[in-house]
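In: Sharing a sequence plus its predicted fold:
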Amino acid sequence: MWKTSILTWGGANGTLVSYQLVKNRQRKLRDMSELPEKQVKRLKALITEAETNLAAAKELLISVIGDDDESIVRPNSEEIAGKVIEGVFDGQSMVGPDGKNYPVPANYASKSKLIEGDILKLTIADDGSFIYKQIGPVARRQIIGQLMQHDGAYYVEAAGREYRVLLASVTYFKARVGDQVSIVIPEDNREAVWAAVEAGL
């Protein structure tokens, strides 16, 4: 009833204006129906970005703690009293003989260029500090690849596959996505997931 009365109001000019009003109303309704979908896409993008930033912040925090707090890691310390545990570096942490993971500061792992399979000695001092020392490096080889980022993590695509690398290594060499970098991987472990950044190119 409302639509009919508007369309017949004011003759030809009134009909034209009323038709335009109806089209505008339909367009607004259509735009409103599309709004939730756009909001969902935007929210997903924001969540992905937040997860990436959170992962980066966590690694940076570990790097800062490792750099500035001598109670966390002192790789050059000698003969410190405490509990000694030997384990294998898995790319992020040290896996002890009991299967327990012990956190390795990302900056120490990056600067020491630790790779999967390296044997570490962890001394847990009486004051609770962790002191790491590399005691059994595995055979290594260097390859060149391209730095990539997805799923909130950094990778280097090289030799037909992707290797995960620590954010601390990426920031240390000031590398950016798309850059060519030299990485170190285990010589005898073709299934290795992680690599150490040797240098930016």
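Out: Thanks, I have it. Fair warning: this is a prediction, and the values are worked out from it, not measured in the lab.

In: And the chain, what are its domain boundaries?
Out: 2-67, 70-136, 140-200 (automatic domain parsing).

In: ranking the ones you listed by mean pLDDT, which is last?
Out: Among the domains of the chain, domain 2-67 carries the lowest mean pLDDT, a mean of 59.

In: Name the next helix or strand downstream of the strand ranked longest in the chain, please.
Out: Using DSSP state E, we find that the single longest strand of the chain is strand 140-150. Sequence order places strand 153-158 as the next helix or strand after strand 140-150, per DSSP states H and E.

In: Next SSE downstream of that following strand?
Out: That would be, after strand 153-158 and using DSSP H and E, strand 161-165.

In: Which elements pack onto that following strand?
Out: strand 140-150, strand 153-158, strand 180-186 (3 or more C-beta pairs under 8 Å, 6 or more residues apart in numbering; DSSP states H and E). In this view, the C-beta of every residue, glycine as well, is placed from N, C-alpha and C.

In: repeat that for 6 Å
Out: strand 153-158 (3 or more C-beta pairs under 6 Å, 6 or more residues apart in numbering; DSSP states H and E).

In: Show me the helices in this protein, by range?
Out: Assigned by DSSP state H, the helices in the chain fall at 2-7, 11-68, 106-111, 167-172.

In: Dump the last one to CSV, keeping only the CA atoms.
Out: Written as CSV, here are the backbone C-alpha positions of helix 167-172 (Å, rounded to 0.1, in the frame of the first residue of the first chain):
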residue,chain,number,x,y,z
LEU,A,167,62.3,-15.3,14.8
ALA,A,168,65.4,-14.3,16.8
SER,A,169,67.5,-15.3,13.9
VAL,A,170,65.4,-13.4,11.4
THR,A,171,65.5,-10.2,13.5
TYR,A,172,69.2,-10.6,14.3
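
In: Could you number the chain from 37 rather than 1 from now on?
Out: Noted, 37 is the first residue going forward, which turns the last one into helix 203-208.

In: tell me which residues in it are buried?
Out: Leu203, Ala204, Ser205, Val206, Thr207, Tyr208 (16 or more other C-beta atoms under 10 Å).

In: Stretch 223-237 too?
Out: Ala228, Trp230, Ala231, Ala232, Val233, Glu234, Gly236.

In: what's that stretch in contact with?
Out: Outside stretch 223-237, the residues that touch it by C-beta atoms under 6 Å, 6 or more residues apart in numbering are 127, 149, 151-153, 175-178, 199-201, 205, 209, 211, 216-222.
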